[in-house]
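Asker: Below: sequence and its predicted model.
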Number of protein chains: 2
Amino acid sequence: MKTPKISEAVVRRLPVYLRFLSELKANNVLTVSSQDLGLKLDLNPAQIRKDLAHFGEFGRKGIGYDVSYLIEKIRSILKIDRVINVALVGAGNLGRALSNYNAYLKDNMKIVAIFDAHSGKVGEVINNLSVQSMEELNATVNQRSIRIGIITVPASEAQVVADRFVDAGIEAILNFAPVIIKVPQGIRIHHADFTTDLLSLAYYIDDAEEQV
Amino acid sequence: MKTPKISEAVVRRLPVYLRFLSELKANNVLTVSSQDLGLKLDLNPAQIRKDLAHFGEFGRKGIGYDVSYLIEKIRSILKIDRVINVALVGAGNLGRALSNYNAYLKDNMKIVAIFDAHSGKVGEVINNLSVQSMEELNATVNQRSIRIGIITVPASEAQVVADRFVDAGIEAILNFAPVIIKVPQGIRIHHADFTTDLLSLAYYIDDAEEQV
DNA sequence: TAGATTGTTAATCGATTAACAATC
DNA sequence: TAGATTGTTAATCGATTAACAATC
């Protein structure tokens, strides 16, 4: 079974669906329509149906989608039907904050190792994980079958860390450093730079004050 | 002067340009072409030229863009040619981490107030700011002319916090909680949910292992 | 002058939305 | 049966890329 070419926009919406469906399930809701989903998630219902239809026929005409079934399908599509192990480099404030999300990610992903280049950080315990030195990265990634890496180091060190991740055989990287990182073809990289988000927001504020 | 209708995609690239231009300036580079920019930022040069041309003629044919001049122009477009004050609600790990970016944001934005609904947090000092109670939010937002709000509370409290921000007169919100928040027309909201980013990355890992 | 590079128009590409037959 | 809702095709909309005249 080959999925011909799913756009990144579609893939990015799947976790949003998943999250809301999980909430519905927790509230014992059995079925949901694209209409409901669209209302709650601020998305067009046709878009939701189309997104899901890329991967199969998950709904029932006249009824909607079975919540539990759709959850399982999306988890399978995202390949998080088994827990995926994640490593994090950069044991600063941000790294510490993100490692706290393990509880939230439960069943889907797990941050299982934290590394830091500064010897002062090594050995420190964060969220039950002992910070490891960069020398241990390669071996740990392989031993623990870590597939995804998170970068929370300063911009100046981010590229080096990415290179280390790639060397170690990691397949996808989430970079929080405010810098564009280059990786070889075949490695997936997403940039999650909050300073970019924040500065772009300023564009939308009212500049009436500028009139003198 | 009316800018007819700039797409969000364009606005989101402006801070990326700004960041790299600042780096060039720090290295005493005077001029840069869309070609150079595109290479470094993994963007099409034509797209960069078009993005900038939305706002005016900033370049010189045969030469490129004057780095300092373009920086000033972009800062002006983003309305960060004067420091914009920002408030943050949620003095947890993530809030603490983000408040550390003040140094990085310097000249453009400044987190000037931190709030938390839990009395245990109130009074705690984070990054030279004393955490305030939610009761003080409205007055502080007005006194300090805070225009943008950041939400770093759990998902269950995020909507309430957004409502408080809106009441206080904030114009744009950056929400880190993993939930879709609703705001009235005219208020800008961006969702910066790292769990969505992380889960979507899993789609791109190699699932060869699934073959039994 | 020759080479480089912009600003902009036209062409392409892709994503979103509307509409509706199929069907629960 | 009547109402609801999917999956999907067609229409629309918008964003990216190519191409090139203008010009430094």
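Answerer: It's in. Residues are numbered from 1 along each chain as shown, chains lettered A, B, ... in the order given.

Asker: So for the longest helix anywhere in chain A, mean pLDDT?
Answerer: Longest helix in chain A by number of residues (criterion: DSSP state H): helix A:8-26. For helix A:8-26, mean pLDDT rounds to 97.

Asker: Contacts for the helix-or-strand element of chain A with minimal mean pLDDT, please.
Answerer: Ranking every helix and strand in chain A by mean pLDDT, DSSP states H and E puts helix A:102-105 at the bottom, with a mean of 92. With Cβ atoms under 8 Å, 6 or more residues apart in numbering or on different chains as the test, helix A:102-105 has contacts from A:K110, A:I111, A:N127, B:P178, B:T195, B:L198, B:L199. Every residue, glycine included, has its C-beta placed from N, CA and C.

Asker: Does the third one touch A:L98 like I think?
Answerer: No - using Cβ atoms under 8 Å, A:N127 and A:L98 do not qualify as a contacting pair, with a distance of 9.6 Å.

Asker: returning to what we had before: counting contacts, what elements does the helix or strand following the least confident helix or strand of chain A pack onto?
Answerer: Sequence order places strand A:109-115 as the next helix or strand after helix A:102-105, per DSSP states H and E. Secondary-structure packing of strand A:109-115 (3 or more Cβ pairs under 8 Å, 6 or more residues apart in numbering or on different chains; DSSP states H and E): strand A:84-89, helix A:93-99, helix A:102-105, strand A:129-130, helix A:137-143, strand A:146-151, helix B:194-202.

Asker: if we go to 6 Å?
Answerer: strand A:84-89 (3 or more Cβ pairs under 6 Å, 6 or more residues apart in numbering or on different chains; DSSP states H and E).

Asker: where's the closest residue to DNA strand C within chain A relative to A:L37, distance?
Answerer: Closest to DNA strand C within chain A is A:G62: 2.0 Å, counting by Cβ to the nearest atom of the strand. Using Cβ to Cβ, to the nearest Å, we find A:G62 at a distance of 16 Å from A:L37.

Asker: where's A:Y65, which helix or strand?
Answerer: Counting by DSSP H and E, A:Y65 is part of strand A:64-66.

Asker: Quickly check: that strand near DNA strand D or not.
Answerer: Yes - for strand A:64-66, a contact with DNA strand D is found by Cβ under 7 Å from any atom of the strand, at A:G64, A:Y65.

Asker: heading toward the C-terminus, what's the first helix or strand past that strand?
Answerer: helix A:67-77.

Asker: What is that next one packed up against?
Answerer: By 3+ Cβ pairs under 6 Å, 6+ apart, helix A:67-77 packs against helix A:8-26.

Asker: which intervals of chain A have sub-threshold pLDDT?
Answerer: Where chain A drops to pLDDT under 70, the residues are A:1-4, A:208-212.

Asker: A:N127 and A:L98: who's more crowded?
Answerer: A:L98 (27 against 15; other Cβ atoms under 10 Å in any protein chain shown).

Asker: now that one: how far from chain B?
Answerer: 7 Å (Cβ to the nearest Cβ, to the nearest Å).

Asker: and what of A:P154?
Answerer: For A:P154, the distance to chain B - Cβ to the nearest Cβ - is 9 Å.

Asker: what about the closest residue in space to A:R12 that isn't next to it in sequence, how many residues close to it?
Answerer: Once flanking residues are discounted, A:R12 sits nearest to B:S200: 4.9 Å by Cβ to Cβ, 6 or more residues apart in numbering or on different chains. By other Cβ under 10 Å, 23 other residues sit near B:S200.

Asker: ok, now which ones touch B:S200?
Answerer: A:V11, A:R12, A:P15 (Cβ atoms under 6 Å, 6 or more residues apart in numbering or on different chains).

Asker: Next, count neighbours for the last one.
Answerer: By other Cβ under 10 Å, 24 other residues sit near A:P15.

Asker: measure the residue lying closest to it once chain neighbours are set aside to A:L174 for me?
Answerer: Closest residue to A:P15 apart from its sequence neighbours, by Cβ to Cβ, 6+ apart: B:L199 at 3.8 Å. Separation of B:L199 from A:L174 (Cβ to Cβ): 10 Å.

Asker: who's more crowded, those two?
Answerer: Neighbours per residue, other Cβ under 10 Å: of B:L199 and A:L174, the larger number sits with B:L199, 27 against 22.

Asker: Excluding chain neighbours, what is closest to A:H191?
Answerer: A:H191 sits nearest to A:N175 (Cβ to Cβ, 6+ apart), 5.3 Å away.

Asker: Beta-bridge partners for the one you found, please?
Answerer: A:I151, A:H191 (DSSP bridges).

Asker: circling back: who has more neighbours out of A:G62 and A:L37?
Answerer: A:L37 (23 against 6).

Asker: Could you verify my assumption that the more buried one touches A:A46?
Answerer: No - contact between A:L37 and A:A46 fails when scored by Cβ atoms under 6 Å: they sit 11.3 Å apart.

Asker: Cool, thanks, signing off.
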